[in-house]
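Q: Provided below are the primary sequence and the corresponding predicted coordinates.
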Number of protein chains: 2
Amino acid sequence: MYSFDYYNPTHISFGEGKITELDKLVPSKAKVLVLFGGNSAKRTGTLDEVKTALGQRDIVEFGGIEANPTYETLMQAVTVIKEEKIDFLLAVGGGSVIDGTKFVAAAALFEGEPWDILLSWGAKVIEAMPFGTVLTLPATGSEMNSASVVTRKEFQAKLSFMSDHVFPQFSVLDPTKTFTLPERQVANGVVDAFIHITEQYLTYPVNAPVQDRFAEGLLQTLIELGPKALSQPDDFDVRANLMWVATMALSGVIGKGIPHDWATHMIGHELTALYDIDHARTIAMILPGMLDCRRDSKQEKLLQYGERVWGITQGTIDERIDAAIAKTREFFEAMGIKTRLSDYDLTAASIDEIMTKLEKHGMTALGEKQDVDLTMSRKILERNL
Amino acid sequence: MYSFDYYNPTHISFGEGKITELDKLVPSKAKVLVLFGGNSAKRTGTLDEVKTALGQRDIVEFGGIEANPTYETLMQAVTVIKEEKIDFLLAVGGGSVIDGTKFVAAAALFEGEPWDILLSWGAKVIEAMPFGTVLTLPATGSEMNSASVVTRKEFQAKLSFMSDHVFPQFSVLDPTKTFTLPERQVANGVVDAFIHITEQYLTYPVNAPVQDRFAEGLLQTLIELGPKALSQPDDFDVRANLMWVATMALSGVIGKGIPHDWATHMIGHELTALYDIDHARTIAMILPGMLDCRRDSKQEKLLQYGERVWGITQGTIDERIDAAIAKTREFFEAMGIKTRLSDYDLTAASIDEIMTKLEKHGMTALGEKQDVDLTMSRKILERNL
């Protein structure tokens, strides 16, 4: 196991009806900016519940944060914060709203051009506004970590940053708030969480059995519950456990002390920025080819994954790895998520466009061994065309 | 899954050489009380390393905190804090030193008689001094939680408290610091961590697959590595992974949203208070009888434990449960820890003494269903005589 630092101060308030706890969690004198996405927060009544729980506090609403939140929209929130003298932020939504709120929290106090926050991967963030979240879509794990991904439309760029200053102070996780999610978003959430885990787990072994078994336990739970989440949308336990898997998948607990990959995400981000394809779908169409092309350097973990997660014990090394990749692809497809570029009308010409962006963004040495160069990335995309 | 709150702000600094990080972790102007146990912190050089890392800071030493730290000793530390105007505490040791430091941190700022901290289970703690830890013995998990157990000699009482105010600000975990531990302490640590996990896992199912699989993963890791820790004391990976298991076992991550038992611990505490037997040994001699006598109410989880942790799939329900309990006992014995009261020269008369103490301390409705009454406790002790 490698050396590591683990720090995660986010307070999780988990369970049905927990939105009422906001009255205790948000400072009583705060002037609160409530950030949310489209109309679903209003339509489902969640926004009203949040406002009721906030009681007499002075509230300003900021709606319209997009899936894949944009710098352009988020900077409008920063303007509102300054004009209205806001002192606490509350994100109500899924990973996009929460990621966006993290950027807003840092940008509102940033000296200089806030885009530098992303160009520096968060290194330049020395403070941020306090904020909490009410999670309505389990997927990204953003509710309990310090990472954020933001898209800048004018540059067709999707970049990330991390900073200890942007851990949510608290996150309210009420599984019943996910009952009304569209099937597409539930499926996206399951696949997103799945690939968050494989990015940390499918690398090379460093003798870290706790992290391995935690990761395998989360993957097994997703495989068991994912299809049930589609067929039984109002089963509390299914939704509660999926919510907790997605949070645990990226809270740091499975990822400390081990190498990380994230090449699938880096390439996926380019697809979203270029073609506006749902994040989960972009990574679902990259992961199988990624594992296929990198089967040698990932061999030991791929075999362990096949055996412990899928029960694959028979065949040659290549046959077992093929079977593990096939099972992974089948699982995504069973969740209603297609796994080939051509399923999304992408062509060989699209691969050229993606390669141009990867090169432009310096994505030339990805993965746990930094050996995913542009040649390898092209091969991976072509393998999954 | 039940509703829950999860909050754990302790910063873990894990790896070889991490003691040097103290210079960043402890406030630069702090006057530091360094609390430790016997001579091993001095003999092994760890105390010197700590003092070197603390650089120019004003340091006062407080040694002599016992295994099962006593109120009597800890109150002396409180006096030193007040006399010396200490403003930061640093625990260097295992669970006893850390538990003791938590009590000291709370007692130093407590209005009234500090014993009330324990009598109120921590409810009366409204503030505590800031402190960090340097862990030298993986076992109790105290380095990353808000619980503490303190013994008051004059009352032969061993009581616990919990408070969000006594999370360590940081804990430094350097696995190489455990290379020189006596075999007895290593074995104790493995068994202590094992039973911390079973207290949370072996109850009744509430459909919490993540918590179940995390617990099973930790148990499997202990079973794999425990014997190696005895036979290969300077294997870094073995010690590192054991250290991380013990921390994860009681950091909250496997125990949120599920019922807890802790009857084994409550009875075990009485044995330590009465006979000064190592904590791990007291619980090792209670757990097998506990599981045996409560096999009906724990049936589903015992079968799951047998299958997933020990691979037991054959036989009647009772045979499988018997086999799981036998495997557990064999594991403890293989670690050199005896599992019967008579192995420690306890007799039927001792059981009478233990029962008197349990009654006096109100331990009349223990366990996840509060159904472990005095009659059941007596039966459990007799079963393991």
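A: Nice, I can see it. Numbers count the residues shown, from 1 in each chain, chains lettered A, B, ... in the order given.

Q: Can you show me the strands along chain A?
A: A:4-6, A:11-14, A:31-36, A:58-62, A:88-93, A:131-135, A:147-152, A:157-162, A:170-173 (DSSP state E).

Q: hey, least reliable of the ones you listed by pLDDT?
A: Set side by side, those show their lowest mean pLDDT on strand A:157-162, which sits at a mean of 90.

Q: which parts of stretch A:346-363 are buried?
A: Residues of stretch A:346-363 classed as buried: A:Leu346, A:Ser350, A:Ile351, A:Glu353, A:Ile354, A:Met355, A:Lys357, A:Leu358, A:His361, A:Met363 (neighbour count, 16 or more other Cβ atoms under 10 Å in any protein chain shown). (C-beta placed from N, C-alpha, C; glycine too.)

Q: what does stretch A:256-263 give?
A: Neighbour counts using 16+ other Cβ under 10 Å place A:Lys256, A:Gly257, A:Ile258, A:Pro259, A:Asp261, A:Trp262, A:Ala263 of stretch A:256-263 among the buried residues.

Q: for the nearest residue to the last one once chain neighbours are set aside, what are its contacts?
A: Taking Cβ to Cβ, 6 or more residues apart in numbering or on different chains as the measure, A:Ala263 lies nearest to A:Leu366, with 3.8 Å between them; neighbours along the chain are not counted. For A:Leu366, the contacting residues are A:Asp261, A:Trp262, A:Ala263, A:Met266, A:Ile267, A:Val372, A:Ser377, taking Cβ atoms under 8 Å, 6 or more residues apart in numbering or on different chains as the criterion.

Q: Just the residues you listed: which are in helices?
A: Restricting the contacts of A:Leu366 to those inside helices, with DSSP state H as the criterion, leaves A:Ala263, A:Met266, A:Ile267, A:Ser377.

Q: Export these as a markdown table, with columns for distance to B:Arg152.
A: Putting these into a markdown table (distance: Cβ to Cβ, whole Å) gives the following:
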| residue | distance to B:Arg152 |
| --- | --- |
| A:Ala263 | 57 |
| A:Met266 | 58 |
| A:Ile267 | 62 |
| A:Ser377 | 65 |
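
Q: Which of those residues sits closest to chain B?
A: If you rank these by distance to chain B using Cβ to the nearest Cβ, A:Ala263 comes first, at 25.6 Å.

Q: residues in contact with that closest one?
A: Contacts for A:Ala263 were tallied using Cβ under 8 Å, 6+ apart; they are A:Met290, A:Leu366, A:Gly367, A:Val372, A:Ser377.

Q: Could you identify the buried members of the residues you listed?
A: A:Met290, A:Leu366, A:Gly367, A:Val372, A:Ser377.

Q: ok, the residue most central in space within chain A - contacts?
A: Averaging the C-alpha coordinates of chain A gives a centre point, and the residue nearest to it by Cα atoms, centre = their mean is A:Thr140 (2.7 Å). Listed by Cβ under 8 Å, 6+ apart, the contact partners of A:Thr140 are A:Gly94, A:Gly95, A:Ser96, A:Ile98, A:Asp99, A:Asp192, A:His196, A:Ala246, A:Leu250.

Q: same deal with A:Met129?
A: Listed by Cβ under 8 Å, 6+ apart, the contact set of A:Met129 reads A:Ile81, A:Ile86, A:Asp87, A:Phe88, A:Leu89, A:Val104, A:Ala105, A:Ala106, A:Ala108, A:Leu109.

Q: From what I see, A:Tyr2 and A:Val206 are in contact.
A: Yes. A:Tyr2 sits in contact with A:Val206 when judged by Cβ atoms under 8 Å, with a separation of 6.1 Å.

Q: Turn the strands of chain A into a markdown table, columns for distance to chain B and mean neighbour count.
A: Putting those into a markdown table (distance: least, Cβ to the nearest Cβ, whole Å; neighbours: other Cβ atoms under 10 Å in any protein chain shown) gives the following:
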| stretch | distance to chain B | mean neighbour count |
| --- | --- | --- |
| strand A:4-6 | 4 | 19 |
| strand A:11-14 | 4 | 23 |
| strand A:31-36 | 21 | 24 |
| strand A:58-62 | 24 | 17 |
| strand A:88-93 | 18 | 27 |
| strand A:131-135 | 13 | 27 |
| strand A:147-152 | 17 | 24 |
| strand A:157-162 | 16 | 20 |
| strand A:170-173 | 8 | 26 |
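
Q: quick one, domains of chain A?
A: As recorded under automatic domain parsing, the domains making up chain A are A:11-177, A:182-383.

Q: Name the residues of the stretch 251-385 of chain A found near chain B, please.
A: By Cβ under 8 Å from any Cβ of the partner chain, the part of the stretch 251-385 of chain A that sits against chain B consists of A:Val253, A:Lys256, A:Gly257.

Q: Which stretches in the stretch 251-385 of chain A count as helices?
A: Read by DSSP state H, counting those that start in this stretch, the stretch 251-385 of chain A holds these helices, from start to end of the chain: A:263-275, A:279-284, A:287-293, A:299-310, A:317-334, A:348-360, A:374-383.

Q: From the contact counts, what lies against the last one?
A: Meaning helix A:374-383. Here helix A:374-383 touches helix A:263-275, helix A:287-293, helix A:348-360, going by 3 or more Cβ pairs under 8 Å, 6 or more residues apart in numbering or on different chains; DSSP states H and E.

Q: Could you save those as JSON lines and add columns showing distance to A:Glu21 and mean pLDDT?
A: Written out in JSON lines, the entries for the helices and strands packed on helix A:374-383 read as follows (distance: least, Cβ to Cβ, whole Å; pLDDT from 0 to 100):
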{"stretch": "helix A:263-275", "distance to A:Glu21": "32", "mean pLDDT": "94"}
{"stretch": "helix A:287-293", "distance to A:Glu21": "37", "mean pLDDT": "98"}
{"stretch": "helix A:348-360", "distance to A:Glu21": "43", "mean pLDDT": "96"}
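
Q: could I get these as a markdown table with distance to A:Asp164?
A: Written out in a markdown table, the entries for these read as follows (distance: least, Cβ to Cβ, whole Å):
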| stretch | distance to A:Asp164 |
| --- | --- |
| helix A:263-275 | 21 |
| helix A:287-293 | 29 |
| helix A:348-360 | 29 |
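
Q: nearest to B:Thr10, of the buried ones among the contacts of A:Ala263?
A: B:Thr10 has its nearest neighbour among the buried ones among the contacts of A:Ala263 in A:Gly367, at 31.5 Å by Cβ to Cβ.

Q: okay, A:Leu250: pLDDT?
A: 97.

Q: Number of residues surrounding the nearest residue to it once chain neighbours are set aside?
A: In space, A:Leu250 comes closest to A:Gly141 once its chain neighbours are excluded; the distance is 2.9 Å by Cβ to Cβ, 6+ apart. Counted with other Cβ atoms under 10 Å in any protein chain shown, the neighbours of A:Gly141 add up to 23.

Q: Now do the same contact list for A:Gly141.
A: Contacts for A:Gly141 (Cβ under 8 Å, 6+ apart) come out as A:Gly95, A:Ala193, A:His196, A:Ala246, A:Thr247, A:Met248, A:Ala249, A:Leu250, A:Ser251.

Q: Next step: these restricted to helices.
A: Short answer: the contacts of A:Gly141 in helices (DSSP H) are A:Gly95, A:Ala193, A:His196, A:Ala246, A:Thr247, A:Met248, A:Ala249.

Q: Please type out the PyMOL selection for whichever of those turn out to be buried.
A: With 16+ other Cβ under 10 Å as the criterion, this PyMOL line picks the buried residues out of the ones in helices among the contacts of A:Gly141:
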select buried, chain A and resi 95+193+196+246+247+248+249
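
Q: Alright, that wraps it up for me.
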